[in-house]
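**Q** here you go, sequence then predicted model.
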Amino acid sequence: MRTDSSPGNLPAREHLPAGDAGTPVLDVVIPVYNEEKDLQPCVLRLHEHLKRTFPYAFRITVADNASTDTTPQVAARLESEIPEVRSFRLEQKGRGRALRTVWSASDAPILAYMDVDLSTDLNALLPLVAPLISGHSDLAIGSRLSRSSRVVRGAKREFISRTYNLILRGSLQARFSDAQCGFKAIRRDVAQVLLPLVEDTGWFFDTEMLVLAERAGLRIHEVPVDWVDDPNSTVHIVKTATDDLKGVWRVGRALATGSLALDRLARPFGDDPRDRDLTDVPKGLARQLVGFCVVGALSTLFYLLLYSGFRSFSGSQVANALALLVSAVANTAANRRLTFGVRGRGGAVRHQAQGLVVFGIGLALTSGSLAALNAATTSPSHSTELAVLIAANLAATVLRFLLFRAWVFPDRRDDTPSSSQVVTSHNPASPTYSTAQHHSAAQHAQAAHPPLPQRPTAPQSSYDTYDTAQFRAGEAADRTWGDSTMQLQAVRPHDHDHDPRNAR
């Protein structure tokens, strides 16, 4: 995905190294609302599983969003009895709001969440977070719709789930299979950049986060899960479905109008082979050719329909000029958005002006062809005129693509700063990317990614000094983040020094 304001390519994401630091590697958030009966069994079962199977330090955070029963007291008691458990309370409802608040304040490099009913088999937890720890993926989700998943639930919920995912695929072109499974994880560095763009604070939070991540080119890993429906679930299906459809409409409209600032997220993480400088391999040529051909075919059909309409009340030259002008404006807008991936309104007027210059060249070709036809034949038939115009338009189309690619929408990625000079300055109101000179790669790698701690055999004092007041509910909900600058550097710079693939 490209835009005129593309921030360039940040350093490759790598495996977080193991170490002995006290900071937890994984922070599992359990958002709850009036779950006084299920909370304690859930936390005890999850804690026992992590103690037995997870090789690194971990934390379990209970995020109570405005419960009116004894859920806060249960959470506080669990926090006092289990060193790895923390509790936090929000005074406003909303699962999305709870996740954003806790994730924004957490110091763990891997952030996850799961529903309190533990419908998902916990054996999928380690496969869920492993690709994030290794640096392979940016987000990970559990999927109940994978062929190898084993799911037990009623026909009603099965129908709703599959219908909802079909809607996402048809309206938002989503490629992930299960948006609403309450079993997800994300890298903290990704969350700091992605979450400020997510508006929803309720159940649509998951879907919006995944759609934005996918459109930005981030890698989403899917894990098949075993899942058993909770017959006592308190989720209001009709209201949730209505809110989700409203969210789909809002996000779809924002994507269609280009109002989402996805250029600020365009592949900022990971070593994307499409970003490498390869000799004799034009970047994105195959994809652009396909997109241009599709737009061109539709534009030609549109042009011929317009020409036939204008020809009914005007001469051939006037009809050709009018039809070509209208179709040229539509063609430039479609190629700008679909073929060359330019989003937003920035530069749109300049692009249309350049497109009109290309239109003038096409007009000269087609008008010249008509003039030659009229010189050769006194009164050519309408079908002959159309045949000549089609041939002239084919020649103009080839020239138009070359001019679009080289002049109107050139690839500006080569003009951006090198990856070693890019840092991300995080402003929640308007996230931007700025450049700065770095110190040695080793120093920044150590500062950006502290060693990944092993799970301690006994409770460490760092847990005792952990203060739940660090969760700034108001700041997170209002999207004001404490850490305004995040430097993304390779975790193991010595590997980069010896890897020729990262010479860029």
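**A** Happy to help now that I have it.

**Q** tell me the helix or strand right after the helix or strand harbouring Thr242.
**A** Assigned by DSSP states H and E, Thr242 belongs to helix 237-257. Remark: after helix 237-257, the chain's next helix or strand is helix 285-311, criterion DSSP H and E.

**Q** hang on, the earlier thing: so for the helix holding Thr242, mean pLDDT?
**A** Within the predicted structure, the mean pLDDT of helix 237-257 is 81.

**Q** what comes up buried for that helix?
**A** Using 16 or more other CB atoms under 10 Å as the test for burial, helix 237-257 gives Thr240, Asp244, Gly247, Val248, Val251, Ala254, Leu255. For glycine as for every other residue, the C-beta is placed from the backbone atoms N, C-alpha and C.

**Q** contact partners for the fourth one?
**A** Residues near Val248 by CB atoms under 8 Å, 6 or more residues apart in numbering: Ile167, Leu168, Ser171, Leu172, Phe204, Thr207.

**Q** Leu168 versus the fifth one, what's the distance?
**A** In this structure, Phe204 and Leu168 are 11 Å apart, going by CB to CB, to the nearest Å.

**Q** the last one too?
**A** Between Thr207 and Leu168 the computed distance is 7 Å (CB to CB).

**Q** list the contacts of stretch 348-356.
**A** Ala328, Val329, Asn331, Thr332, Ala333, Arg336, Val342, Phe404, Trp407, Val408, Phe409.

**Q** and which of those residues is nearest Ser146?
**A** Val342 (35.0 Å; CB to CB).

**Q** show me which helix runs longest in this protein.
**A** Among the segments of the chain that qualify as a helix by DSSP state H, the longest is helix 348-376.

**Q** ok, then the element right after it?
**A** Using DSSP H and E, the helix or strand that follows helix 348-376 towards the C-terminus is helix 382-403.

**Q** what helices or strands is that following helix leaning on?
**A** On a contact count with 3 or more CB pairs under 8 Å, 6 or more residues apart in numbering; DSSP states H and E, helix 382-403 meets helix 285-311, helix 316-334, helix 348-376.

**Q** for these, which one sits closest to Gly96?
**A** Among the helices and strands packed on helix 382-403, helix 348-376 comes nearest to Gly96, with 32.5 Å by CB to CB.

**Q** for the chain, identify the residue most remote from the centre.
**A** The C-alpha centroid of the chain is most remote from Thr378, which lies 59.5 Å away (CA atoms, centre = their mean).

**Q** what pLDDT does it get?
**A** Note on Thr378: pLDDT of 78.

**Q** phi, psi for it please.
**A** Backbone torsions of Thr378, given as degrees, to the nearest 10, read phi -70, psi -50.

**Q** same question for Leu111.
**A** Dihedral angles (degrees, to the nearest 10) for Leu111: phi -120, psi 130.

**Q** spatially central residue for the protein, please.
**A** Ala213 (1.3 Å).

**Q** I'd say it and His221 touch.
**A** No - using CB atoms under 8 Å, Ala213 makes no contact with His221, being 11.3 Å away.

**Q** intersection of neighbour lists for these two?
**A** Common contacts of Ala213 and His221 (CB under 8 Å, 6+ apart): Leu139.

**Q** return the set of buried residues in the strand or helix carrying Pro72.
**A** Under the criterion of DSSP H and E, Pro72 resides in helix 71-81. Across helix 71-81, burial judged by 16+ other CB under 10 Å covers Thr71, Pro72, Val74, Ala75, Ala76, Leu78, Glu79.

**Q** need the mean per-residue confidence for it.
**A** Mean predicted confidence for helix 71-81 is 94.

**Q** just checking, what packs against it?
**A** Using 3+ CB pairs under 8 Å, 6+ apart, helix 71-81 sits against helix 39-53, strand 58-65, strand 85-90.

**Q** any idea which of those gets closest to Leu194?
**A** Of all the helices and strands packed on helix 71-81, it is strand 58-65 that lies closest to Leu194, at 18.5 Å by CB to CB.

**Q** could you give me the average pLDDT of that closest one?
**A** 94.

**Q** check the offset of it from the chain's centre.
**A** Here strand 58-65 is found 25 Å from its chain centre; the criterion is CA atoms, centre = their mean, to the nearest Å.

**Q** same check on stretch 125-138?
**A** 17 Å.

**Q** flag the shaky bits of this structure, pLDDT-wise.
**A** 1-14, 17-22, 231-237, 261-284, 411-504 (pLDDT under 70).

**Q** and Tyr164, how far from Ala185?
**A** When Tyr164 is compared with Ala185 (using CB to CB), they lie 21 Å apart.

**Q** higher neighbour count, those two?
**A** Ala185 (28 against 19; other CB atoms under 10 Å).

**Q** hang on, the earlier thing: mind putting the helices and strands packed on helix 382-403 in JSON lines, distance to Lys37 and mean neighbour count included?
**A** Shown next, in JSON lines, are those (distance: least, CB to CB, whole Å; neighbours: other CB atoms under 10 Å):
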{"stretch": "helix 285-311", "distance to Lys37": "53", "mean neighbour count": "16"}
{"stretch": "helix 316-334", "distance to Lys37": "56", "mean neighbour count": "19"}
{"stretch": "helix 348-376", "distance to Lys37": "56", "mean neighbour count": "16"}
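
**Q** turn those helices into CSV, including distance to Pro24.
**A** Shown next, in CSV, are these (distance: least, CB to CB, whole Å):
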stretch, distance to Pro24
helix 285-311, 41
helix 316-334, 49
helix 348-376, 47
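
**Q** quick one: neighbours of Gly315, just the number.
**A** Applying other CB under 10 Å, we find 11 residues neighbouring Gly315.

**Q** how close does it get to Ser369?
**A** Gly315 is 15 Å from Ser369, by CB to CB.

**Q** with Met209 instead?
**A** Taken as CB to CB, the span from Met209 to Ser369 is 52 Å.

**Q** try Phe404
**A** The value you get for Phe404 to Ser369, if CB to CB is used, is 21 Å.

**Q** Gly347 too?
**A** Using CB to CB, we find Gly347 at a distance of 32 Å from Ser369.

**Q** residues contacting Leu145?
**A** Going by CB under 8 Å, 6+ apart, Leu145 touches Ser161, Arg162, Asn165, Ser177, Asp178.

**Q** may I ask which of those residues has the most neighbours?
**A** Among these, the one with the most neighbours (other CB under 10 Å) is Asp178, at 25 neighbours.

**Q** look up which residues are beta-bridged to the closest residue to that residue other than its chain neighbours.
**A** Spatial nearest neighbour of Asp178, chain neighbours left out: Ser143 (4.1 Å); criterion: CB to CB, 6 or more residues apart in numbering. Beta-bridge pairing for Ser143 (DSSP bridges): Pro224.

**Q** next, count neighbours for Ser143.
**A** By other CB under 10 Å, the residues close to Ser143 number 23.

**Q** so it versus Val398, what's the distance?
**A** Distance, Ser143 to Val398, using CB to CB: 44 Å.

**Q** got it, and Thr23?
**A** 58 Å.

**Q** what does Thr61 give?
**A** 59 Å.

**Q** and the nearest residue to Asp115 once chain neighbours are set aside, what does it touch?
**A** Leaving out its chain neighbours, the residue that sits closest to Asp115 by CB to CB, 6+ apart is Gly182, at 3.5 Å. Counting by CB under 8 Å, 6+ apart, Gly182 touches Tyr113, Met114, Asp115, Ser119, Thr120.

**Q** neighbours of the nearest residue to Thr366 once chain neighbours are set aside, how many?
**A** Distances taken as CB to CB, 6+ apart put Ala392 closest to Thr366, at 4.5 Å, once the chain neighbours are dropped. Ala392 is flanked by 21 other residues according to other CB under 10 Å.

**Q** hang on, Ala392 packs against Ala371?
**A** No - with contact defined as CB under 8 Å, Ala392 does not count as touching Ala371 (10.9 Å).

**Q** how far does stretch 178-187 stretch from start to finish?
**A** From its first residue to its last, stretch 178-187 covers 19 Å (CA to CA, to the nearest Å).
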